[in-house]
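K.L.:
this one's sequence-less:
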């Protein structure tokens, strides 16, 4: 029996040793950017206000999103998005559309650019009830909201700006992406970050073709780790020495 238990423990430790480096590797992009968190297929946006049609967001519309987080990196690496007893979701709200601007793309295609500002986000720790949703199974935003928002907020902040860019080629091929800026300003885990409101970038893919009923896009992406660089100040050895006298 001891021998069997010993083998089982060894295999468990081996599994952890394999998974941990894989997760750590995902925390640094190919360009050397440190990731804070990411979400994969479980990410959907919606808009309220005037109808969002043909990739056009009317001025003043409110955009939001529900996301199922799939990876946490330092300093949030203590959170396990695969914990069988809990899940971590993220909610975006109140991103105000400045209206979609169109421009030529390629020979006869079109580019659709939309700037959203003034939003907020919250990361929720709660029971497992939205983790498995995909574009084929997610219900409408109104029905999905309680599942994504069920639990306790652990981190929150502002999405100061977010720009979506959608291109439609002359052949009808559609691609999309988004980029934005966020700031952390609250929640029990805010103390893990640099003081004064840690700020960072977010980006990912934005796919608006045939989204699930009630949604405007299927998105996946990441928050980059905040930049907490300490400003440098020119000084001299003499001044430094006086600090320690």
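P.N.:
Yes, it's here. None of the values given here were measured: they were computed from a predicted structure.
K.L.:
The one helix or strand residue 177 maps to pairs with which strands, parallel or anti?
P.N.:
According to DSSP states H and E, residue 177 maps onto strand 174-186. Each strand paired with strand 174-186, and its direction, by DSSP bridges: strand 152-168 (antiparallel), strand 199-207 (antiparallel).
K.L.:
May I see the buried residues of that strand?
P.N.:
Within strand 174-186, the residues that qualify as buried by neighbour count (16 or more other C-beta atoms under 10 Å) are 174, 176, 177, 178, 180, 182, 183, 184, 185. Bear in mind the C-beta positions are built from the backbone N, C-alpha and C, glycine included.
K.L.:
what number of residues lie near the nearest residue to residue 200 once chain neighbours are set aside?
P.N.:
Nearest residue to residue 200 in three dimensions, chain neighbours excluded: residue 226, at 4.1 Å (C-beta to C-beta, 6 or more residues apart in numbering). Residues lying near residue 226 (other C-beta atoms under 10 Å) number 20.
K.L.:
What of residue 166?
P.N.:
By the measure other C-beta under 10 Å, the count of residues near residue 166 is 24.
K.L.:
gap between it and residue 30?
P.N.:
Residue 166 sits at a distance of 24 Å from residue 30 (criterion: C-beta to C-beta, to the nearest Å).
K.L.:
Tell me what the nearest residue to residue 185 once chain neighbours are set aside is bridged to.
P.N.:
If you skip the residues right next to it in sequence, residue 185 has residue 157 as its closest partner in space, 4.7 Å away by C-beta to C-beta, 6+ apart. When bridges are assigned using DSSP bridges, the partners listed for residue 157 are residue 121, residue 184.
K.L.:
what sits against residue 157?
P.N.:
Counting by C-beta atoms under 8 Å, 6 or more residues apart in numbering, residue 157 makes contact with 120, 121, 182, 183, 184, 185, 186, 187, 197.
K.L.:
OK, contacts around the closest residue to the last one other than its chain neighbours?
P.N.:
Meaning residue 197. The shortest distance from residue 197 to any non-neighbouring residue, by C-beta to C-beta, 6+ apart, is to residue 183 (4.9 Å). Residues touching residue 183, when contacts are defined by C-beta under 8 Å, 6+ apart, comprise 157, 158, 160, 197, 198, 199, 200.
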